[in-house]
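Student: next one to model:
(one chain, ligands or ions: 1)
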Amino acid sequence: MRIDVISIFPDYLAPLELSLTGKAMAAGLLDVGIHDLRDWTNDRHRTVDDTPYGGGAGMVMKPEPWAQALTDVADLAGRADLAGASDLAGSSDDTQAPTASGTDAAEAGEKPVLIVPSPAGAPFTQADARRLAGRSHLVFACGRYEGIDQRVIDWAGGDFEVELVSIGDYVLNGGEVAALVIIEAVARLIPGFMGNPESLVEESYEDGLLEYPVYTKPADWRGHEVPEVLLSGNHAAIARWRRDQRLIRTQRTRPDLLADLPDEALDARDWQV
Ligand SMILES: CC(C)N1CCN(Cc2ccc(Cn3ccc4ccc(-c5n[nH]c(N)c5C#N)cc43)cc2)CC1
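Tutor: The predicted structure is shown next:
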(Lines give C-alpha, C1' and ligand atoms only; values in the text may rest on other atoms or scores of the structure.)
Protein backbone atom coordinates (compact mmCIF):
# COMPACT_ATOMS: atom_id res chain seq x y z
CA MET A 1 0.00 0.00 0.00
CA ARG A 2 1.09 3.55 -0.69
CA ILE A 3 -0.12 6.44 1.46
CA ASP A 4 0.46 10.09 0.60
CA VAL A 5 -0.38 12.92 2.96
CA ILE A 6 -0.57 16.57 1.92
CA SER A 7 -0.49 19.23 4.65
CA ILE A 8 0.84 22.71 5.43
CA PHE A 9 2.26 21.13 8.61
CA PRO A 10 4.14 18.06 7.26
CA ASP A 11 6.10 17.69 10.52
CA TYR A 12 2.78 16.83 12.19
CA LEU A 13 2.99 13.48 10.39
CA ALA A 14 6.48 12.63 11.72
CA PRO A 15 5.01 10.16 14.29
CA LEU A 16 4.26 7.83 11.36
CA GLU A 17 7.95 6.90 11.39
CA LEU A 18 7.60 5.47 14.90
CA SER A 19 6.65 2.02 16.06
CA LEU A 20 4.73 -0.33 13.83
CA THR A 21 4.10 2.09 10.99
CA GLY A 22 7.80 2.81 10.79
CA LYS A 23 8.58 -0.92 10.79
CA ALA A 24 5.97 -1.56 8.11
CA MET A 25 7.60 1.05 5.93
CA ALA A 26 11.03 -0.44 6.48
CA ALA A 27 9.60 -3.88 5.64
CA GLY A 28 8.18 -2.54 2.40
CA LEU A 29 4.59 -3.23 3.49
CA LEU A 30 3.81 0.44 3.39
CA ASP A 31 5.20 3.41 1.45
CA VAL A 32 4.39 6.81 2.93
CA GLY A 33 4.97 10.16 1.24
CA ILE A 34 4.52 13.38 3.21
CA HIS A 35 4.09 16.53 1.14
CA ASP A 36 4.04 20.24 2.00
CA LEU A 37 1.14 21.90 0.18
CA ARG A 38 3.18 25.11 -0.01
CA ASP A 39 5.50 23.34 -2.50
CA TRP A 40 2.68 23.83 -5.01
CA THR A 41 2.27 27.58 -4.50
CA ASN A 42 3.69 30.12 -6.94
CA ASP A 43 3.87 33.37 -4.98
CA ARG A 44 6.67 34.73 -2.83
CA HIS A 45 4.65 34.21 0.34
CA ARG A 46 3.65 30.66 -0.60
CA THR A 47 0.01 31.59 0.04
CA VAL A 48 -2.48 28.75 0.60
CA ASP A 49 -5.52 30.62 1.94
CA ASP A 50 -7.81 33.54 1.23
CA THR A 51 -10.97 35.19 2.58
CA PRO A 52 -14.28 33.30 2.24
CA TYR A 53 -16.81 34.27 -0.44
CA GLY A 54 -20.03 35.25 1.31
CA GLY A 55 -18.08 36.67 4.25
CA GLY A 56 -17.67 35.11 7.67
CA ALA A 57 -14.83 34.51 10.05
CA GLY A 58 -11.63 32.72 9.19
CA MET A 59 -9.90 31.87 5.92
CA VAL A 60 -10.49 29.20 3.27
CA MET A 61 -7.78 27.13 1.56
CA LYS A 62 -7.25 28.15 -2.07
CA PRO A 63 -8.16 25.50 -4.68
CA GLU A 64 -5.22 25.74 -7.12
CA PRO A 65 -2.37 24.53 -4.87
CA TRP A 66 -4.52 21.57 -3.89
CA ALA A 67 -5.36 20.68 -7.48
CA GLN A 68 -1.68 20.77 -8.49
CA ALA A 69 -0.57 18.79 -5.45
CA LEU A 70 -3.27 16.15 -5.86
CA THR A 71 -2.53 15.75 -9.56
CA ASP A 72 1.16 15.15 -8.86
CA VAL A 73 0.54 12.84 -5.93
CA ALA A 74 -2.04 10.80 -7.80
CA ASP A 75 0.73 9.94 -10.29
CA LEU A 76 3.12 8.88 -7.53
CA ALA A 77 1.74 5.36 -7.38
CA GLY A 78 2.80 4.87 -10.97
CA ARG A 79 5.94 7.02 -11.10
CA ALA A 80 8.99 7.52 -8.89
CA ASP A 81 10.46 10.56 -10.57
CA LEU A 82 8.21 13.21 -9.08
CA ALA A 83 9.89 15.78 -6.88
CA GLY A 84 8.17 17.09 -3.75
CA ALA A 85 7.76 13.75 -2.09
CA SER A 86 9.55 13.60 1.25
CA ASP A 87 9.09 9.88 1.63
CA LEU A 88 9.38 8.62 5.16
CA ALA A 89 11.44 5.83 6.59
CA GLY A 90 12.68 3.14 4.36
CA SER A 91 13.21 5.42 1.39
CA SER A 92 14.44 8.90 2.08
CA ASP A 93 15.08 9.92 -1.50
CA ASP A 94 12.60 10.76 -4.26
CA THR A 95 13.75 8.06 -6.58
CA GLN A 96 11.98 5.36 -4.60
CA ALA A 97 10.69 2.71 -6.92
CA PRO A 98 6.89 2.77 -6.93
CA THR A 99 5.43 0.01 -4.83
CA ALA A 100 4.17 -2.94 -6.78
CA SER A 101 0.73 -2.47 -5.30
CA GLY A 102 0.71 1.20 -6.18
CA THR A 103 1.94 0.61 -9.73
CA ASP A 104 -0.37 -2.34 -10.26
CA ALA A 105 -3.28 -0.27 -9.00
CA ALA A 106 -2.46 2.60 -11.29
CA GLU A 107 -2.03 0.25 -14.22
CA ALA A 108 -5.22 -1.59 -13.27
CA GLY A 109 -7.02 1.75 -13.41
CA GLU A 110 -7.89 1.65 -9.72
CA LYS A 111 -8.34 5.24 -8.64
CA PRO A 112 -6.54 6.35 -5.49
CA VAL A 113 -8.84 7.04 -2.53
CA LEU A 114 -8.74 10.71 -1.53
CA ILE A 115 -9.54 10.93 2.16
CA VAL A 116 -10.47 14.41 3.34
CA PRO A 117 -10.82 14.68 7.12
CA SER A 118 -13.60 17.16 7.84
CA PRO A 119 -15.97 18.16 10.66
CA ALA A 120 -18.67 17.55 8.07
CA GLY A 121 -17.38 14.06 7.22
CA ALA A 122 -19.03 10.68 7.70
CA PRO A 123 -18.02 8.98 10.99
CA PHE A 124 -14.91 6.88 10.41
CA THR A 125 -15.47 3.27 11.60
CA GLN A 126 -13.58 0.00 11.89
CA ALA A 127 -15.49 -1.17 8.83
CA ASP A 128 -14.01 1.79 6.93
CA ALA A 129 -10.55 0.84 8.16
CA ARG A 130 -11.03 -2.72 6.93
CA ARG A 131 -12.29 -1.50 3.58
CA LEU A 132 -9.44 1.00 3.10
CA ALA A 133 -6.84 -1.61 4.12
CA GLY A 134 -7.71 -3.39 0.90
CA ARG A 135 -6.93 -0.41 -1.33
CA SER A 136 -3.55 0.23 -2.99
CA HIS A 137 -3.20 4.00 -2.76
CA LEU A 138 -4.62 6.35 -0.15
CA VAL A 139 -4.12 10.12 -0.38
CA PHE A 140 -4.94 12.33 2.61
CA ALA A 141 -5.77 16.02 2.12
CA CYS A 142 -5.25 17.66 5.51
CA GLY A 143 -7.04 20.98 5.57
CA ARG A 144 -6.64 23.87 7.99
CA TYR A 145 -8.35 27.22 8.60
CA GLU A 146 -12.10 26.91 7.78
CA GLY A 147 -11.41 24.09 5.37
CA ILE A 148 -10.61 23.50 1.68
CA ASP A 149 -12.50 25.26 -1.16
CA GLN A 150 -15.38 22.87 -1.96
CA ARG A 151 -14.54 22.94 -5.65
CA VAL A 152 -11.41 20.89 -4.94
CA ILE A 153 -13.58 18.10 -3.55
CA ASP A 154 -15.92 18.36 -6.53
CA TRP A 155 -13.01 18.45 -9.04
CA ALA A 156 -11.10 15.55 -7.44
CA GLY A 157 -13.88 13.06 -8.21
CA GLY A 158 -12.44 12.70 -11.72
CA ASP A 159 -9.15 11.14 -10.58
CA PHE A 160 -9.98 9.92 -7.07
CA GLU A 161 -12.61 8.14 -5.08
CA VAL A 162 -13.30 10.98 -2.63
CA GLU A 163 -14.34 10.35 0.99
CA LEU A 164 -15.02 13.06 3.55
CA VAL A 165 -14.55 11.50 6.98
CA SER A 166 -14.71 12.63 10.60
CA ILE A 167 -12.95 10.86 13.47
CA GLY A 168 -15.43 12.09 16.08
CA ASP A 169 -17.98 14.58 17.31
CA TYR A 170 -15.53 17.21 18.53
CA VAL A 171 -13.75 20.08 16.81
CA LEU A 172 -10.08 19.91 15.78
CA ASN A 173 -7.96 22.64 14.18
CA GLY A 174 -7.04 20.65 11.11
CA GLY A 175 -7.00 17.28 9.41
CA GLU A 176 -3.50 16.06 10.41
CA VAL A 177 -4.49 14.38 13.69
CA ALA A 178 -7.37 12.67 11.92
CA ALA A 179 -5.00 11.43 9.20
CA LEU A 180 -2.71 9.93 11.85
CA VAL A 181 -5.66 8.17 13.49
CA ILE A 182 -7.01 6.81 10.21
CA ILE A 183 -3.58 5.72 8.94
CA GLU A 184 -2.91 3.79 12.15
CA ALA A 185 -6.35 2.12 12.08
CA VAL A 186 -5.88 1.12 8.42
CA ALA A 187 -2.17 0.20 8.41
CA ARG A 188 -2.51 -2.27 11.30
CA LEU A 189 -4.95 -4.27 9.17
CA ILE A 190 -2.50 -4.67 6.28
CA PRO A 191 -1.54 -8.37 6.09
CA GLY A 192 1.87 -8.84 7.73
CA PHE A 193 1.70 -5.52 9.57
CA MET A 194 0.89 -6.89 13.03
CA GLY A 195 3.39 -9.48 14.35
CA ASN A 196 0.56 -11.67 15.60
CA PRO A 197 -2.54 -11.50 13.36
CA GLU A 198 -4.40 -13.38 16.11
CA SER A 199 -4.39 -10.12 18.07
CA LEU A 200 -6.69 -8.64 15.46
CA VAL A 201 -9.40 -11.22 15.94
CA GLU A 202 -11.10 -10.39 19.25
CA GLU A 203 -10.79 -6.65 19.11
CA SER A 204 -13.22 -3.96 19.98
CA TYR A 205 -15.43 -3.09 17.05
CA GLU A 206 -14.08 -5.96 14.91
CA ASP A 207 -17.06 -8.19 15.81
CA GLY A 208 -19.25 -5.54 17.38
CA LEU A 209 -18.26 -6.12 21.01
CA LEU A 210 -15.78 -4.27 23.22
CA GLU A 211 -12.78 -6.30 24.35
CA TYR A 212 -12.48 -8.06 27.72
CA PRO A 213 -10.32 -6.71 30.61
CA VAL A 214 -6.69 -7.88 30.65
CA TYR A 215 -4.37 -8.69 33.55
CA THR A 216 -0.72 -9.60 34.10
CA LYS A 217 1.61 -10.38 37.04
CA PRO A 218 1.50 -10.02 39.99
CA ALA A 219 -1.68 -12.02 40.78
CA ASP A 220 -2.26 -9.83 43.86
CA TRP A 221 -1.39 -6.18 43.28
CA ARG A 222 -2.02 -3.73 46.13
CA GLY A 223 -4.87 -5.96 47.31
CA HIS A 224 -6.42 -6.15 43.86
CA GLU A 225 -6.49 -9.78 42.77
CA VAL A 226 -6.67 -11.21 39.25
CA PRO A 227 -10.06 -12.94 38.63
CA GLU A 228 -9.62 -16.54 39.80
CA VAL A 229 -10.88 -18.06 36.57
CA LEU A 230 -7.86 -16.61 34.72
CA LEU A 231 -5.54 -18.56 37.05
CA SER A 232 -7.54 -21.79 36.73
CA GLY A 233 -6.02 -23.15 33.53
CA ASN A 234 -9.56 -24.08 32.49
CA HIS A 235 -9.48 -22.71 28.95
CA ALA A 236 -13.19 -23.27 28.31
CA ALA A 237 -14.12 -21.41 31.50
CA ILE A 238 -11.65 -18.63 30.64
CA ALA A 239 -13.12 -18.27 27.13
CA ARG A 240 -16.64 -18.15 28.60
CA TRP A 241 -15.63 -15.56 31.21
CA ARG A 242 -13.97 -13.39 28.56
CA ARG A 243 -17.01 -13.60 26.31
CA ASP A 244 -19.26 -12.59 29.23
CA GLN A 245 -16.98 -9.69 30.07
CA ARG A 246 -17.16 -8.44 26.49
CA LEU A 247 -20.97 -8.58 26.56
CA ILE A 248 -21.17 -6.92 29.99
CA ARG A 249 -18.72 -4.17 29.04
CA THR A 250 -20.49 -3.49 25.76
CA GLN A 251 -23.88 -3.30 27.45
CA ARG A 252 -22.53 -0.89 30.06
CA THR A 253 -20.42 1.34 27.82
CA ARG A 254 -21.78 0.99 24.29
CA PRO A 255 -25.34 -0.41 24.36
CA ASP A 256 -25.71 1.02 20.85
CA LEU A 257 -23.29 -1.63 19.60
CA LEU A 258 -25.43 -4.40 21.11
CA ALA A 259 -28.41 -3.17 19.17
CA ASP A 260 -26.53 -3.85 15.91
CA LEU A 261 -25.65 -7.44 16.83
CA PRO A 262 -27.59 -10.48 15.54
CA ASP A 263 -29.47 -12.32 18.34
CA GLU A 264 -27.21 -15.37 18.13
CA ALA A 265 -24.23 -13.21 19.02
CA LEU A 266 -25.83 -12.21 22.33
CA ASP A 267 -25.51 -15.62 23.86
CA ALA A 268 -28.49 -17.12 25.74
CA ARG A 269 -26.52 -17.58 29.01
CA ASP A 270 -27.13 -15.30 31.94
CA TRP A 271 -24.58 -12.52 31.57
CA GLN A 272 -26.79 -9.43 32.00
CA VAL A 273 -25.40 -6.86 34.45
C1 LIG B 1 -16.80 30.66 12.04
C2 LIG B 1 -17.85 29.77 12.40
C3 LIG B 1 -19.21 30.13 11.92
N4 LIG B 1 -17.59 28.33 12.30
C5 LIG B 1 -16.20 27.99 12.53
C6 LIG B 1 -15.99 26.51 12.53
N7 LIG B 1 -16.50 25.89 11.32
C8 LIG B 1 -16.38 24.45 11.36
C9 LIG B 1 -14.92 24.08 11.37
C10 LIG B 1 -14.31 23.66 12.53
C11 LIG B 1 -12.93 23.37 12.53
C12 LIG B 1 -12.22 23.50 11.36
C13 LIG B 1 -10.76 23.23 11.38
N14 LIG B 1 -10.43 22.23 10.35
C15 LIG B 1 -9.85 22.52 9.17
C16 LIG B 1 -9.68 21.34 8.47
C17 LIG B 1 -10.17 20.29 9.29
C18 LIG B 1 -10.27 18.91 9.11
C19 LIG B 1 -10.87 18.14 10.09
C20 LIG B 1 -11.38 18.76 11.25
C21 LIG B 1 -12.08 17.95 12.27
N22 LIG B 1 -12.65 18.52 13.36
N23 LIG B 1 -13.23 17.55 14.09
C24 LIG B 1 -13.08 16.35 13.49
N25 LIG B 1 -13.57 15.15 13.96
C26 LIG B 1 -12.34 16.57 12.33
C27 LIG B 1 -11.97 15.48 11.48
N28 LIG B 1 -11.71 14.53 10.88
C29 LIG B 1 -11.25 20.12 11.43
C30 LIG B 1 -10.66 20.89 10.46
C31 LIG B 1 -12.84 23.90 10.20
C32 LIG B 1 -14.19 24.21 10.21
C33 LIG B 1 -17.89 26.23 11.06
C34 LIG B 1 -18.05 27.76 11.03
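
Student: same for the top helix by length along the chain, what does it pack against?
Tutor: Criterion DSSP state H: the longest helix present in the chain is helix 235-253. In terms of contacts (3 or more C-beta pairs under 8 Å, 6 or more residues apart in numbering; DSSP states H and E), helix 235-253 is packed against helix 255-259. (Each C-beta comes from the backbone N, C-alpha and C, glycine too.)

Student: state the mean pLDDT of the helix it packs on.
Tutor: The average pLDDT within helix 255-259 is 90.

Student: what's the local residue count around D159?
Tutor: Residues within reach of D159, counting by other C-beta atoms under 10 Å, total 15.

Student: what about it, helix or strand, and which?
Tutor: For D159, there is no helix or strand it lies in under DSSP states H and E.

Student: quick one: it and L70, what's the gap?
Tutor: As judged by C-beta to C-beta, to the nearest Å, D159 and L70 stand 7 Å apart.

Student: distance of the residue positioned nearest the centre of the chain relative to G233?
Tutor: A centroid search over the chain (C-alpha atoms, centre = their mean) returns I182, at 1.4 Å, as the residue closest to the centre. Distance, I182 to G233, by C-beta to C-beta: 41 Å.

Student: let me know whether P112 touches G158 as I believe.
Tutor: No: between P112 and G158 there is no contact under C-beta atoms under 8 Å: 11.9 Å.

Student: and the two? Which one has more around it.
Tutor: P112 (26 against 9).

Student: state the pLDDT value of the spatially closest residue to the more buried one that is not a sequence neighbour.
Tutor: Excluding its sequence neighbours, the residue lying closest to P112 (C-beta to C-beta, 6 or more residues apart in numbering) is H137, at 3.9 Å. Note for H137: predicted pLDDT of 97.

Student: look up phi and psi at H137.
Tutor: With angles defined as degrees, to the nearest 10, H137 sits at phi -140, psi 120.

Student: what's the burial count for it?
Tutor: Neighbour tally, H137, other C-beta under 10 Å: 27.

Student: surely it is in contact with G109?
Tutor: No: judged on C-beta under 8 Å, H137 makes no contact with G109 at a distance of 11.9 Å.

Student: I148: how many residues sit nearby?
Tutor: 25.

Student: how about the contacts made by it?
Tutor: When contacts are counted by C-beta atoms under 8 Å, 6 or more residues apart in numbering, I148 touches 60-61, 63, 66, 116, 141.

Student: any idea of the mean pLDDT for stretch 262-273?
Tutor: 67.

Student: over to stretch 61-80?
Tutor: Mean predicted lDDT for stretch 61-80 stands at 88.

Student: report the buried residues of that stretch.
Tutor: With burial defined by 16 or more other C-beta atoms under 10 Å, the residues of stretch 61-80 counted as buried are 61-63, 65-70, 72-74, 76-77, 80.

Student: quick one: which of those residues is nearest the ligand?
Tutor: Closest to the ligand out of the buried residues of stretch 61-80 is M61 (8.2 Å), distances taken as C-beta to the nearest ligand atom.

Student: with T253 as the reference, measure out to that closest one.
Tutor: For M61, the distance to T253 (C-beta to C-beta) stands at 37 Å.

Student: next one: the residue nearest to P112 from R44, what distance?
Tutor: 33 Å.

Student: and for D260?
Tutor: As judged by C-beta to C-beta, D260 and R44 stand 54 Å apart.

Student: neighbour count winner among those two?
Tutor: Neighbour totals were compared for D260 and R44, and D260 leads with 9 against 6 (other C-beta under 10 Å).
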